[in-house]
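Novice: Please work out how this folds:
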Amino acid sequence: MKSLVVITLAFITASLHAADPLPSWNDGAAKQAITAFVTKTTTDGSADFVPPAERIATFDNDGTLWGEQPMYFQAFFIFDRIKQLAPTHPEWKDKEPFASVLKGDLKSALAGGERALLEMAMATHAGTTTEEFEKIVSDWANTAKHPKSGKHFTEMVYQPMLEVLAYLRANGFKTFIVSGGGIEFMRPWTEKVYGIPPEQVIGSSIKTKFELRDGKPVLARLPELNFIDDKEGKPVAIQQHIGRRPIIAFGNSDGDFQMLEWTTAGKGPRLALIVHHDDAQREYAYDRGSHIGKLEKGLDEAPQRGWTIISMQNDWKSIYP
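Specialist: A predicted model of the protein is given here:
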């Protein structure tokens, strides 16, 4: 009898667990906000019902779907590319920020901020075709590892957010990435890691050009900036790529503020959430003073705007898969 009870309880527990669409989330305001919103917008007859075609959810990537400390993961990729290409660019030994990268002085290399990173991205990403660049990114993603965790960068994704993506899609939502990261950097792996296909990835970009190489048509990447998908650029990119205003938006920094603001300014039910990195033990703790993923304005204005703050420490049972 005892073994039967144990088996029965185990079955009930497993059933309850299976019924929970967000098992890695602690019960609290954040989880409730997500499930309540999905329920009311997808239930026939609800005053807040939203037709499937209008169920658009956007997600920042760095710091929202995967990590971003001690620096953006694409920066690791860029620095690795600089080291690989250095033999064919002897001028980089004396030219900043490349010289600092080659010396291993990453702090100085990033001192120039976003512009310095873009300069390095254009110099290391250009010249290849889109297919060549996709292979370069894929090879890097399959081998490169985070310096602190030792995990592959594509394993540094947040399990609770993977559950949100799956939950939303199961309820008729289309999930889009809207990131300051490079669009061609993300597209080779987002479908495998997040279930988000390349056509639903929006990011910063450099210009490309159609040309013939050995008689075959290719798209060649140029050392020229095309678009920065950050801050005010995010709502613009959403309109250009999607053509519908999202009804849900997830971010983690002030770089996502305008996306959340644009989302919640629309008519009907709206939901905006901010992932707050406040878990130094299991991940990192940072917000106002951080040089990466700074969160100040969003933290201050979220309560009055009705935006939900997600505490990694309190709301997430686990961080990584």
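Novice: Pull the distance from stretch 34-43 to the chain's centre.
Specialist: 23 Å (CA atoms, centre = their mean, to the nearest Å).
Novice: before we move on, what about stretch 138-154?
Specialist: With CA atoms, centre = their mean as the basis, stretch 138-154 stands 16 Å off its chain's centre.
Novice: In that stretch, which residues are buried?
Specialist: 140, 141, 146, 153, 154 (16 or more other CB atoms under 10 Å). Heads up, the C-betas are built off the backbone N, CA and C, glycines and all.
Novice: One more: stretch 222-229?
Specialist: In stretch 222-229, counting by 16+ other CB under 10 Å, buried: 227, 228, 229.
Novice: before we move on, the earlier item: greatest separation within the buried residues of stretch 138-154: which pair is it?
Specialist: Pairwise distances across the buried residues of stretch 138-154 (CB to CB) peak at 12.8 Å, for the pair 140 and 146.
Novice: shared neighbours of these two, anything?
Specialist: Between them, residue 140 and residue 146 share no contacting residue under CB atoms under 8 Å, 6 or more residues apart in numbering.
Novice: Including secondary structure, could the buried residues of stretch 138-154 go into CSV?
Specialist: Putting the buried residues of stretch 138-154 into CSV (DSSP: H, G, I helix; E, B strand; the rest coil) gives the following:
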residue, secondary structure
140, helix
141, helix
146, coil
153, helix
154, helix
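Novice: pLDDT and distance to residue 264 for those - can I get that in TSV?
Specialist: As requested, the buried residues of stretch 138-154 are arranged in TSV below (pLDDT from 0 to 100; distance: CB to CB, whole Å):
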residue	pLDDT	distance to residue 264
140	97	36
141	96	33
146	97	33
153	98	31
154	97	31
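Novice: any low-confidence regions in the stretch 51-200 of the chain?
Specialist: Counting by pLDDT under 70, the stretch 51-200 of the chain contains no low-confidence segment.
Novice: Strands of that one, start to end?
Specialist: For the stretch 51-200 of the chain, the strands defined by DSSP state E, counting those that start in this stretch cover 56-59, 174-182.
Novice: Go through those and name the closest to residue 281.
Specialist: strand 56-59 (24.9 Å).
Novice: who's in contact with the closest one?
Specialist: 65, 161, 165, 168, 173-178, 238, 242, 244-251, 259, 263.
Novice: I'd like to know which of the residues you listed are part of helices.
Specialist: Judged by DSSP state H, the contacts of strand 56-59 include 161, 165, 168, 238, 259, 263 as members of helices.
Novice: What is the nearest of these to residue 317?
Specialist: residue 161 (13.0 Å).
Novice: quick one: that closest one and residue 61, what's the gap?
Specialist: 10 Å (CB to CB, to the nearest Å).
Novice: Neighbour count for the two, which is higher?
Specialist: residue 61 (27 against 22; other CB atoms under 10 Å).
Novice: was I right about residue 184 contacting residue 207?
Specialist: No. Residue 184 is beyond contact range of residue 207, at 11.5 Å (criterion: CB atoms under 8 Å).
Novice: which residues do the two both contact?
Specialist: Residues touching both residue 184 and residue 207 by CB under 8 Å, 6+ apart: residue 221.
Novice: Quick one: residues contacting the spatially most central residue of the chain.
Specialist: Most central in the chain under CA atoms, centre = their mean is residue 61, positioned 0.8 Å from the mean C-alpha point. Contacts for residue 61 (CB under 8 Å, 6+ apart) come out as 177, 179, 181, 186, 203.
Novice: so how many other residues sit close to the residue nearest to it when sequence neighbours are not counted?
Specialist: Excluding the flanking residues, the one nearest residue 61 by CB to CB, 6 or more residues apart in numbering is residue 179, at 3.8 Å. Using other CB under 10 Å, residue 179 has 30 other residues around it.
Novice: again with residue 53
Specialist: Look at residue 53: counted by other CB under 10 Å, it has 9 neighbours.
Novice: Tell me where this structure has helices.
Specialist: With helices called from DSSP H, the chain shows them at 2-19, 29-42, 73-85, 98-103, 106-109, 113-125, 130-143, 159-170, 183-194, 233-241, 257-264, 297-305, 312-315.
Novice: Touching the third one from outside, list them.
Specialist: When you say that, I think you mean helix 73-85. For helix 73-85, contacts defined as CB under 8 Å, 6+ apart pick out 62, 66-67, 92, 98, 101-102, 106, 109-110, 117, 120-121, 123-125, 136-137, 140, 144, 146, 153, 156, 181-182, 185.
Novice: cool, and stretch 151-160?
Specialist: The contact list for stretch 151-160 (CB under 8 Å, 6+ apart) reads 22, 24-25, 64-67, 73, 76, 141-146, 149, 189, 192-194, 275, 315-321.
Novice: Please apply the same query to stretch 120-139.
Specialist: 74, 77-79, 81-82, 85, 97-98, 101, 109, 182, 184-185, 187-189, 206, 208, 213, 218-225.
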